[in-house]
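Asks: predicted model and sequence below, questions to follow.
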Amino acid sequence: MERPRPLTRAAKGVAVTVVLALVLIPFLVIVSTSLASNREVVAGGGWVLWPSEPTLRAYRTVLSGGIVTEALGVSVALTAAGTLFSLACTTFLAYALARPGVFGGKPVLLLILFTFLFPPGMIPAFLLVKGMGMMDTYTALIAPVLINVFNLIVLRGFFQGIPEELYEAARLDGANDWQILWRVVLPLSKAALAVVSLFYAVSYWNAWFHASIYLESDHWPLSQVLRTYVIGGSQIADTGLSEAGQVSASQTTQMAVLVIATVPILLVYPFLQKYFTKGVLTGAIKS
Amino acid sequence: MVPGLAYFLVFHYGAFIANAVAFKEYVPFDGLWASPWVGTENFSRMFGDPDFWQATWNTLFIAVLQLVFFFPAPLALALLLHSLTSDLLRRFTQSVIYLPHFLSWVVVVALFQQVLGDTGLLNSTLSDAGLHTVDIIGNPDAYKPLVVLEVIWKDAGWGTIIFLAALMQVNEQLYEAAAIDGAGPWRRFWHVTLPSIRPIVILLLIMRLGDILSVGFEQMLLQRQSVGPEAGEVLDTFVFWQGIVGGDTGYAAAAGLFKGVVGAALVFTANRIAHRLGEQGVYK
């Protein structure tokens, strides 16, 4: 194609810049404010665009024990355990559904797709968790969301894309289904597994609603703490966490909690980003 | 296969059966099965409840706003990205705009409050400049546009993935043929690009229609209290508030079931219309 005209190019440049700025500036301001000193925050009316004398004081306060530190531990453990269980169960089910001739394969797939069309509803799910005696246990945060249908379809699509000859060759070598899955299918599916793990990890890391209805407040994960103290507006200082209890401290402290809740995602994101399009689309198109 | 299947049977079909509570007066002490049946009493009460209709109205209003403003946003962004000639710039922009999708609603709502709130970034900038401040968070009139803006910020970038893939599959030769026939950039866009991605646009539109009564539960729940139920209650938060906070379990389950049935009916209808128009739709 010919090169676009200068005016079109300028318009595109402006549009892209605006889009990038809209996404990036909020992040920049929040990180800057969390790193700024109290004096600077007060002088800036609560906000700092670029800290002149960055300090980690807010982070030290938040991470020196107390609610946020404990919640961080809960979130990390929950995310690790949840991702592991979900990934294992999704992989097994996806493999079974991807192989032709598995007993009951087709009806089971329909059964699962139906839940996508007609989700059961919040109240019945709540009664079920309560009825199974899972209140105030971490199981209540994992078991009801164990398998995500979208992730299942993505993995199944990927498994189906593996050439049939490889399965046959492995079978001739005397491998059973477990061995085929472990030695042949999984090593070839790293991209899809990486994306699905990220999706699960993010959803466990971000989850707060189930925690808010199923857990007592002293077992909360980080996002529920964030909800209460940053959105709900309760001062973290009120909880005796910030020993000095200055009002001005709370702004930097709140921003520090916000950053802590976001950073793990920012850390894994760049490594997995290249797989997104590939992973998501193989699944989406097949379905 | 067994644990996965067990999960679906227990937590989806089990919960599905537990929807029976919508036809009962739930007594916590008796549990689900021993509670007395009341027939359709919960439903008739619901249809006479102005709060329910307020929530329905809010839901539909927000859904329409989303359809008009949020639905085309990823498509527009994808077209912009697709037209960039620099590969590096395009990849960088993609990485940046996917990012908000991975933040939780808690973080996104907190971000918006910090930027647009009373003492937020926008207002402190305005007052520093000697201008009037604007109340956006906590203003019932601004609530509906605000939540749509948040959805756009969070997910418009992510939504480009599927459109970009569709654009990638448009046959290069069609463009070349059109250019030889003397079609300028606009006519090529109109006669080649748009028709090529129409099936995917219709598919996503149908899925959106089926989901029209779900306008974002977590997002709404997080902000409902800042504006009150009058402006901020949607069907999902109505169910939550009545059932889990208020303990009116059977009643809330009825409202949830109503929403589910209407949603499923909408998917069927939209899909049938798509078939009539000669499109593929979500399923055959």
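Replies: That came through, no problem. Worth saying up front: this structure is predicted, and the values here are computed from it rather than measured.
Asks: please make it C-alpha for all contacts and neighbour counts, starting now.
Replies: Will do.
Asks: for the residue most central in space within chain A, give me its contacts.
Replies: Centroid-nearest residue in chain A: residue A:202, 0.7 Å away (criterion: CA atoms, centre = their mean). The contact partners of residue A:202, taken as CA atoms under 8 Å, 6 or more residues apart in numbering or on different chains, are A:79, A:265, B:102.
Asks: go on, residue B:75?
Replies: B:159-160, B:163.
Asks: straight-line length of stretch A:176-192, end to end?
Replies: 23 Å (CA to CA, to the nearest Å).
Asks: show me the shaky parts of chain B.
Replies: Low-confidence segments of chain B, defined by pLDDT under 70: B:1-4, B:22, B:24, B:27-34, B:279-284.
Asks: before we move on, what SS does the residue sitting nearest the centre point of it have?
Replies: The centroid of chain B falls nearest to residue B:215 when counting by CA atoms, centre = their mean (4.2 Å). Under DSSP: H, G, I helix; E, B strand; the rest coil, the three-state class of residue B:215 is coil.
Asks: so how far is the helix or strand the residue nearest to the centre of chain A falls within from its chain's centroid?
Replies: Per DSSP states H and E, residue A:202 falls inside helix A:190-206. Distance, stretch centre to chain centre, for helix A:190-206: 7 Å (CA atoms, centre = their mean, to the nearest Å).
Asks: again, but for stretch A:146-166
Replies: 20 Å.
Asks: identify each buried residue in that stretch, please.
Replies: Neighbour counts over stretch A:146-166 (16 or more other CA atoms under 10 Å in any protein chain shown) mark A:146-147, A:149-160 as buried.
Asks: list the contacts of residue A:148.
Replies: With CA under 8 Å, 6+ apart, residue A:148 has these contacts: residue A:90.
Asks: for it, give its distance to residue A:142.
Replies: Residue A:148 is 11 Å from residue A:142, by CA to CA.
Asks: in chain A, where is pLDDT below threshold?
Replies: Along chain A, segments meeting pLDDT under 70 span A:1-4, A:44-46, A:101-104, A:232-250, A:276-287.
Asks: strands of that one, residue ranges please.
Replies: For chain A, strands defined by DSSP state E do not occur.
Asks: which ones among the contacts of residue B:75 lie within helices?
Replies: B:159-160, B:163 (DSSP state H).
Asks: of the residues you listed, closest to residue B:78?
Replies: residue B:160 (5.0 Å; CA to CA).
Asks: assess the claim that that closest one and residue B:74 are in contact.
Replies: Yes - counting by CA atoms under 8 Å, residue B:160 touches residue B:74, with 4.8 Å between them.
Asks: what residue in the stretch 151-287 of chain A comes nearest to chain B?
Replies: Here the stretch 151-287 of chain A gets closest to chain B at one residue, residue A:206, 5.0 Å apart by CA to the nearest CA.
Asks: next up, the contacts around that residue.
Replies: Each residue near residue A:206 by CA under 8 Å, 6+ apart is listed here: A:223, B:103-106.
Asks: redo those residues as a markdown table? Include secondary structure, neighbour count and distance to residue A:117.
Replies: A markdown table is the format used below for the contacts of residue A:206 (DSSP: H, G, I helix; E, B strand; the rest coil; neighbours: other CA atoms under 10 Å in any protein chain shown; distance: CA to CA, whole Å):
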| residue | secondary structure | neighbour count | distance to residue A:117 |
| --- | --- | --- | --- |
| A:223 | helix | 30 | 29 |
| B:103 | coil | 19 | 25 |
| B:104 | coil | 22 | 24 |
| B:105 | helix | 26 | 23 |
| B:106 | helix | 26 | 27 |
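Asks: among these, which two are most distant?
Replies: The largest separation in the contacts of residue A:206, counting by CA to CA, is between A:223 and B:103 at 10.5 Å.
Asks: one step back: next step: the buried residues of stretch A:146-166 restricted to helices.
Replies: Among these, the members found in helices (DSSP H) are A:149-160.
Asks: burial check on the closest residue to residue B:215 other than its chain neighbours, number of neighbours?
Replies: Nearest residue to residue B:215 in three dimensions, chain neighbours excluded: residue B:63, at 6.1 Å (CA to CA, 6 or more residues apart in numbering or on different chains). Neighbour count for residue B:63, taken as other CA atoms under 10 Å in any protein chain shown: 23.
Asks: repeat that for residue B:76.
Replies: 14.
Asks: confirm that it sits in a helix.
Replies: Yes - counting by three-state DSSP, residue B:76 falls inside a helix.
Asks: mind checking how far it is from residue B:186?
Replies: As for residue B:76, its distance to residue B:186 is 15 Å (criterion: CA to CA).
Asks: in the stretch 1-150 of chain A, which spans are helices?
Replies: In the stretch 1-150 of chain A, the helices defined using DSSP state H, counting those that start in this stretch lie at A:6-35, A:38-43, A:57-63, A:67-98, A:105-117, A:122-131, A:139-142, A:149-160.
Asks: for the longest one, list every residue counted as buried.
Replies: The neighbour-count check on helix A:67-98 (16+ other CA under 10 Å) flags A:67-72, A:74-76, A:78-79, A:82-83, A:85-98 as buried.
Asks: contacts only, for residue A:255.
Replies: So residue A:255 contacts A:30-31, A:33-34 (CA under 8 Å, 6+ apart).
Asks: out of those, which is most surrounded?
Replies: Using other CA under 10 Å as the neighbour test, those are led by residue A:34, with 30 neighbours.
Asks: name the nearest residue to residue 231, sequence neighbours excluded.
Replies: Here I'm looking at chain A. According to CA to CA, 6+ apart, the nearest residue to residue A:231 is residue B:110 (5.6 Å).
Asks: that answer is for a different chain, and I need it for chain B
Replies: Distances taken as CA to CA, 6+ apart put residue B:140 closest to residue B:231, at 5.6 Å, once the chain neighbours are dropped.
Asks: burial measure for that neighbour, as a count.
Replies: Residue B:140, neighbours per other CA under 10 Å, totals 18.
Asks: my guess is it contacts residue B:227. True?
Replies: Yes - using CA under 8 Å, residue B:140 is in contact with residue B:227, at 5.1 Å.
Asks: sorry, back to before: which of the contacts of residue A:202 sits closest to residue B:95?
Replies: residue B:102 (11.6 Å).
Asks: any residue of stretch A:264-280 up close to chain B?
Replies: Yes - using CA under 8 Å from any CA of the partner chain, stretch A:264-280 reaches chain B at A:265, A:269-270, A:273, A:277.
Asks: contacts for that stretch?
Replies: A:154, A:158, A:191-192, A:194-195, A:198, A:202, B:95, B:99, B:102-103, B:161, B:165.
Asks: quick one on the thing from earlier: which among the residues of stretch A:264-280 next to chain B count as buried?
Replies: Buried members of the residues of stretch A:264-280 next to chain B, scored by 16+ other CA under 10 Å, are A:265, A:269, A:273.
Asks: report the contact partners of the residue nearest to residue B:215.
Replies: Residues in contact with residue B:63, defined by CA under 8 Å, 6+ apart, are B:212-213, B:215.
Asks: near chain A, which residues of the stretch 51-200 of chain B?
Replies: Counting by CA under 8 Å from any CA, the stretch 51-200 of chain B sits next to chain A at B:80, B:84, B:93, B:95-97, B:99-100, B:102-107, B:109-111, B:113, B:115, B:119-121, B:124, B:153, B:161-162, B:165, B:176.
Asks: and the contacts of residue B:75 as a markdown table, adding neighbour count?
Replies: Written out in a markdown table, the entries for the contacts of residue B:75 read as follows (neighbours: other CA atoms under 10 Å in any protein chain shown):
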| residue | neighbour count |
| --- | --- |
| B:159 | 22 |
| B:160 | 23 |
| B:163 | 20 |
